[in-house]
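K.L.:
no FASTA, just this:
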């Protein structure tokens, strides 16, 4: 039922395969710099999928349908809300549609192999561009926290973490020496850590650390001694950085004081964490008013104004989201949004986790890259909203579709 047989007519299009690989190389750089370019590349890939879908008459498998269900769910929620809620902005239909666009790429790439290291090279370039940008911003233009400068248009620091994990897992598959893999990983993750130390983005640091802990603790290729050595080395680096870097130490102290002040002492300040707690409270109050379909996409800010006027939450700036994806989906889309959000992460996670410890090293690396993408995006969503950004959500859908399709291509047949 899950058997995939590569169409010979497609396999003969070597030039098209090279073009697709080149587009994969450009995609991360384009998405991190120019939004419209990233959208154009996505549309080109979709056009290619349509063209080659006509050459391949195979029916969709159950796996295809499962991914399609997950990434079409945001569009389904938008359509339901359009029927029952007035004044739904067309922007949110476009956001929902972007989740579905890479599904066609998923169908196409499931039958055509693209060397995954091309995507790894693209992510490595994205990481290098991030390093250059934040370094120049910090030490030449004097921007105190470069992440704030870029956050207005793109979760810059968050994508840095995604690029680091993708570059590592997709490039180490081409290395035969463990020594080279170790040095490459050390270079990639040290660069990422340095970028995050400059931006001081707490959400990205959290995602970086917890994703690393997941892979370290679940690894079957590392012995307990190696795991203990890595943990010890990381602990030494963290303690040393905390001791000698005043900015990081101050950032940690502010975080601790804001959390304890709000949760233990009941104090409300204008700090970012107390404001987040109030935003989450506002999201739950909004959900109580319309638990099934929510207030409507883009209606969180108006709901916030209403709650402030009734003194149900503390005084704060008016935000368009709850600085947390789960709470934002809950407030604006209700139970339907919660189901959709769950599908977007649970479906790809359950797929990739099956192949994380595959005996096929290529499949193992692809699955690890997919898991890293899902986990990092989910963790980033705990402190910010990334799936409302056109290019960022397109990248998430595209990466899931591409990595899953390449695993299917390598497997040829999957057990039920």
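P.N.:
Received, thanks. On a predicted model such as this, the values are computed, not experimentally measured, just so you know. Residues are numbered from 1 along each chain as shown.
K.L.:
how close does residue 259 get to residue 378?
P.N.:
21 Å (C-beta to C-beta, to the nearest Å). Where you see a C-beta, it was placed from the backbone N, CA and C, and this is true even at glycine.
K.L.:
neighbours of residue 252, just the number please.
P.N.:
Residue 252: 14 surrounding residues under other C-beta atoms under 10 Å.
K.L.:
so the residue nearest to it when sequence neighbours are not counted, which of the three states?
P.N.:
In space, residue 252 comes closest to residue 242 once its chain neighbours are excluded; the distance is 6.9 Å by C-beta to C-beta, 6 or more residues apart in numbering. State at residue 242, reduced to three classes by DSSP: H, G, I helix; E, B strand; the rest coil: helix.
K.L.:
List the residues that contact residue 242.
P.N.:
By C-beta atoms under 8 Å, 6 or more residues apart in numbering, residue 242 lies in contact with 248, 249, 252.
K.L.:
Okay, and the first one sits in which element?
P.N.:
Using DSSP states H and E, the element containing residue 248 is helix 246-263.
K.L.:
What separation is there between residue 98 and residue 388?
P.N.:
Look at residue 98 and residue 388: by C-beta to C-beta, they are 10 Å apart.
K.L.:
which one of those two has more residues nearby?
P.N.:
Shown here are residue 98 and residue 388; by other C-beta under 10 Å, residue 98 has more neighbours (25 against 19).
K.L.:
coming back round to it: so what pLDDT did the residue nearest to residue 252 get?
P.N.:
Note on residue 242: pLDDT of 75.
K.L.:
Then residue 325?
P.N.:
91.
K.L.:
my read: it touches residue 386, true?
P.N.:
Yes: with contact defined as C-beta atoms under 8 Å, residue 325 reaches residue 386; the gap is 7.0 Å.
K.L.:
Skip ahead from the longest helix along the chain and say which helix or strand is next.
P.N.:
When the chain is parsed with DSSP state H, its longest helix is helix 325-353. Downstream of helix 325-353, the first helix or strand assigned by DSSP H and E is helix 361-380.
K.L.:
Could you give me the buried positions within that following helix?
P.N.:
By neighbour count on 16 or more other C-beta atoms under 10 Å, the buried set for helix 361-380 is 363-380.
K.L.:
the inter-axis angle of that helix versus helix 325-353?
P.N.:
With axes from the mean of the first three to the mean of the last three C-alpha atoms, to 10 degrees defining the directions, helix 361-380 sits at 170 degrees from helix 325-353.
K.L.:
so after helix 361-380, what's the next helix or strand?
P.N.:
Next along the chain after helix 361-380, with elements defined by DSSP H and E, is helix 390-411.
K.L.:
how about that following helix: buried residues?
P.N.:
Buried residues in helix 390-411 (16+ other C-beta under 10 Å): 390-411.
K.L.:
Name the spans of the stretch 101-250 of the chain whose pLDDT lies under the cut-off.
P.N.:
104-105, 107-110, 144-156, 176-178 (pLDDT under 70).
K.L.:
show me where it has helices.
P.N.:
102-109, 117-139, 146-151, 156-171, 178-199, 202-218, 224-244, 246-263 (DSSP state H, counting those that start in this stretch).
K.L.:
Tell me which of these sits most buried.
P.N.:
helix 156-171 (a mean of 28; mean count of other C-beta atoms under 10 Å).
K.L.:
returning to what we had before: what helices and strands are in contact with the longest helix of the chain?
P.N.:
Helices and strands touching helix 325-353, by 3 or more C-beta pairs under 8 Å, 6 or more residues apart in numbering; DSSP states H and E, are helix 62-84, helix 272-289, helix 300-309, helix 361-380, helix 390-411.
K.L.:
Please produce CSV containing those helices, extended by distance to residue 194 and mean pLDDT.
P.N.:
Below are the helices and strands packed on helix 325-353 laid out as CSV (distance: least, C-beta to C-beta, whole Å; pLDDT from 0 to 100):
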stretch, distance to residue 194, mean pLDDT
helix 62-84, 34, 81
helix 272-289, 23, 88
helix 300-309, 35, 86
helix 361-380, 18, 93
helix 390-411, 22, 84
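K.L.:
Return the distance of stretch 289-301 from the chain's centre.
P.N.:
24 Å (C-alpha atoms, centre = their mean, to the nearest Å).
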